[in-house]
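>>> Please find the sequence and the predicted model below.
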Amino acid sequence: MSKLHILVSGGAGYIGSHVVKQLLENTDHDITIIDNLSTGLDQTILTLQEMAAGKVNTINFIQADLADFAMIESIFKANQFDALIHFAASIVVPESVENPLKYYMNNTVNTTNIIKLCNDYNVGKMIFSSTAAVYGEPSSSDIPVKESCPLQPINPYGWSKRMSEQVIQDTAAANDAFKYVIFRYFNVAGADVQNRIGQSFPNATHLIKVAAQTVTGQREKMAIFGEDYATPDGTCIRDYIHVDDLAFSHVMALEYLAENESDVFNVGYGKGYSVKEVISTMKEVSGVDFKVDQESKRAGDPALLISDNSKLLTAWENLKASELKSKHPKLFMYDDLKLICKTALEWEKAAQ
């Protein structure tokens, strides 16, 4: 694959930074990061720049907010990007219920503008960070969830991503030179296996990070939100994927688009763990019996979300990029809940 100049929006954030790391480790592409640092950190950028030292990749950071349309357009004017990997979104489901306009403005309006700029400035490839929340609460007959499952979001976060997906698909239908991969993430967790970067946002609501922070004393206790769901132990079940595996999928997607047409893929391991199982695993990994309260259900939380990842795995098997496969012998390297918990915990310890 020829060398590309890739724009990563939200590249200082949790998932974006791990994708940049994977690009540095597995490709020679040049990278420009745009981030407003609302959840990302300067230190993450510095760490990524250190990782790039001595490599053929160049890495450039621009602090900017996607809502500043004029500034974002000036960045497109000053560069010739070949691909956009788009993160830069608000992601907290309960907050989206309380403040839906924030989610529609940041996740849908800003995304629509950056898609327009891709078309105006001939950026031919886009990889979009979507979510399993677009499926809403699938019926039991639709579990595990296929990409063809009905799209019925039950919260503004899910709707904001679903609307962005539609904008991407309609744009590509009208412009043959614009191709995309839409990734519907399931629950992303863990940290860089070498403990250089991780999830740094202090008010994160992700279960595994919250559990790790409770182990390390950053939180006095944590809570289980609802114990009467229609699941074996009454708590929500989710498909947890290690952030490095999810991040590498984006590297694979660039190769995929060089050989194939646009498509939509679930990104998960195809198995589920309940909230209680995750907490038990974190207690086992840490050796700490931390305090857990029981609280009422949160708005917008479905009981069960597990991916059918067969479409993505088939795409990986059919990929012709032998050099990429030689560096990364299989698509998912870290499919282990204990490892996910361990890397999340090690990051919290190092970050204190």
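Good, I have the coordinates.
>>> looking at the chain, which residue lies furthest from center?
The outermost residue of the chain, judged against the average C-alpha position, is residue 289 (29.7 Å), by C-alpha atoms, centre = their mean.
>>> What's the per-residue pLDDT of it here?
Predicted confidence (pLDDT) for residue 289: 97.
>>> again, but for residue 284
pLDDT for residue 284: 98.
>>> repeat for residue 142
89.
>>> right, and it touches residue 151 too?
No: counting by C-beta atoms under 8 Å, residue 142 does not reach residue 151; the two are 11.3 Å apart. Yep, even glycine has a C-beta here, placed from its N, CA and C like the rest.
>>> what residues do these two have in common as contacts?
Residues within reach of residue 142 and of residue 151 at once, by C-beta atoms under 8 Å, 6 or more residues apart in numbering, are residue 135.
>>> gap between residue 55 and residue 11?
Applying C-beta to C-beta, to the nearest Å, the value for residue 55 to residue 11 is 16 Å.
>>> The two - which one has more neighbours?
residue 11 (30 against 12; other C-beta atoms under 10 Å).
>>> Look at the more buried one and give its secondary structure.
Using DSSP: H, G, I helix; E, B strand; the rest coil, the structure places residue 11 in coil.
>>> Contact partners for it?
So, once contact is read as C-beta under 8 Å, 6+ apart, residue 11 ends up touching 17, 19-20, 31, 33-35, 40, 48, 61, 85, 87.
>>> What is the nearest of these to residue 190?
Of all those, residue 190 sits closest to residue 17, with 13.1 Å by C-beta to C-beta.
>>> number of nearby residues for that closest one?
Using other C-beta under 10 Å, residue 17 has 30 other residues around it.
>>> wait, it sits on residue 197?
Yes: with contact defined as C-beta under 8 Å, residue 17 and residue 197 form a contacting pair (5.1 Å).
>>> still on that earlier bit, please report how far the residue farthest from the centre of the chain lies from residue 283.
In terms of C-beta to C-beta, residue 289 sits 6 Å off from residue 283.
>>> for residue 94, same thing?
Taking C-beta to C-beta, one finds residue 94 at 25 Å from residue 283.
>>> if I look at residue 17 and residue 197, which residues touch both of them?
Common neighbours of residue 17 and residue 197 (C-beta under 8 Å, 6+ apart) are 44, 47-48.
>>> Going by distance to residue 138, which of the residues you listed wins?
residue 44 (34.3 Å).
>>> Do you know the pLDDT at that closest one?
pLDDT, residue 44: 95.
>>> before we move on, what about residue 339?
Listed pLDDT for residue 339 reads 98.
>>> thought it was touching residue 242?
Yes: if you go by C-beta under 8 Å, residue 339 and residue 242 touch, sitting 6.8 Å apart.
>>> When these two are compared, which one has more neighbours?
More neighbours surround residue 242 than the other of residue 339 and residue 242, with 26 against 16 (other C-beta under 10 Å).
>>> Now the more buried one. Nearest residue, chain neighbours left out?
Nearest residue to residue 242, sequence neighbours excluded (C-beta to C-beta, 6 or more residues apart in numbering): residue 334, at 3.8 Å.
>>> can you pull the contacts of that neighbour?
Counting by C-beta under 8 Å, 6+ apart, the residues that residue 334 touches are 190, 193, 242, 244-245, 340, 343.
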